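1. Would you be able to build a 3D model of this:
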Amino acid sequence: MHHAARPLCSLLINRRHCLCTEFSRDILQAAEEEGIKSDSPGFPVVDGWLRCRPEESLFETWRDYLTAIRRLLSAESFNKLHLTTVTRAWQVAEAAGGLFGFLRVSRAEELAIQDLNLAFVG
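-> Numbers count the residues shown, from 1 in each chain. Below you'll find the predicted structure:
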């Protein structure tokens with residue numbers, strides 16, 4: 001599974017428990033563009049996360065995963081992963097909401113992105 005998919009789905013699900021079909025379809029299309037093809041094992045996982053929020057233990061597992069790969073990647077590669085993931089999270093949050101261009105990112109989304117950022121720096 002693509003390493004960035006989990007936190008982005010978490011961010012989206014922070015806005016709503018389950019996402020509308022049209023928005024889910026857009027996210028799944030974006031996942032395909034990021035390499036999570038419809039016939040890959042990760043695709044139904046992302047689809048499931050969009051339908052129902054994962055257990056909190058999965059968030060902890062993802063943080064543990066980051067800690068482990070930090071030791072395996074070069075500083076440059078890890079920093080690129082960090083920047084790419086946090087940037088995409090902001091893009092997803094901005095695309096997910098807003099009313100006439102205002103309040104594009106909810107407070108819950110901001111906190112989720114802060115948590116995501118802390119997972120990388122902590």
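
2. Quick one: classify Val86 as helix, strand or coil.
-> Here Val86 is recorded as helix under DSSP: H, G, I helix; E, B strand; the rest coil.

3. ok, the closest residue to it other than its chain neighbours - how many residues close by?
-> Once flanking residues are discounted, Val86 sits nearest to Asn117: 5.4 Å by Cβ to Cβ, 6 or more residues apart in numbering. All C-beta spots, glycine's among them, are computed from the backbone N, C-alpha and C. Neighbour count of Asn117, defined by other Cβ atoms under 10 Å: 15.

4. for Asn117, helix, strand, or coil?
-> The three-state assignment at Asn117 reads helix, by three-state DSSP.

5. Report the separation between it and Glu33.
-> Distance of Asn117 to Glu33, computed by Cβ to Cβ, to the nearest Å: 23 Å.

6. Same question for Leu81.
-> Distance of Leu81 to Glu33, computed by Cβ to Cβ: 18 Å.

7. Could I get the pLDDT score of the residue nearest to Val86?
-> pLDDT, Asn117: 90.

8. same check, this time on Tyr65
-> 91.

9. likewise Cys20?
-> The model's pLDDT for Cys20 equals 55.

10. What sits closest to Arg63 if chain neighbours are left out?
-> Nearest residue to Arg63, sequence neighbours excluded (Cβ to Cβ, 6+ apart): Ala119, at 4.8 Å.

11. what residue ranges in the chain score low on pLDDT?
-> 1-23, 26, 95-103 (pLDDT under 70).

12. and the gap between the residue nearest to Leu28 when sequence neighbours are not counted and Ser106?
-> Leaving out its chain neighbours, the residue that sits closest to Leu28 by Cβ to Cβ, 6+ apart is Asp47, at 6.2 Å. Applying Cβ to Cβ, the value for Asp47 to Ser106 is 23 Å.
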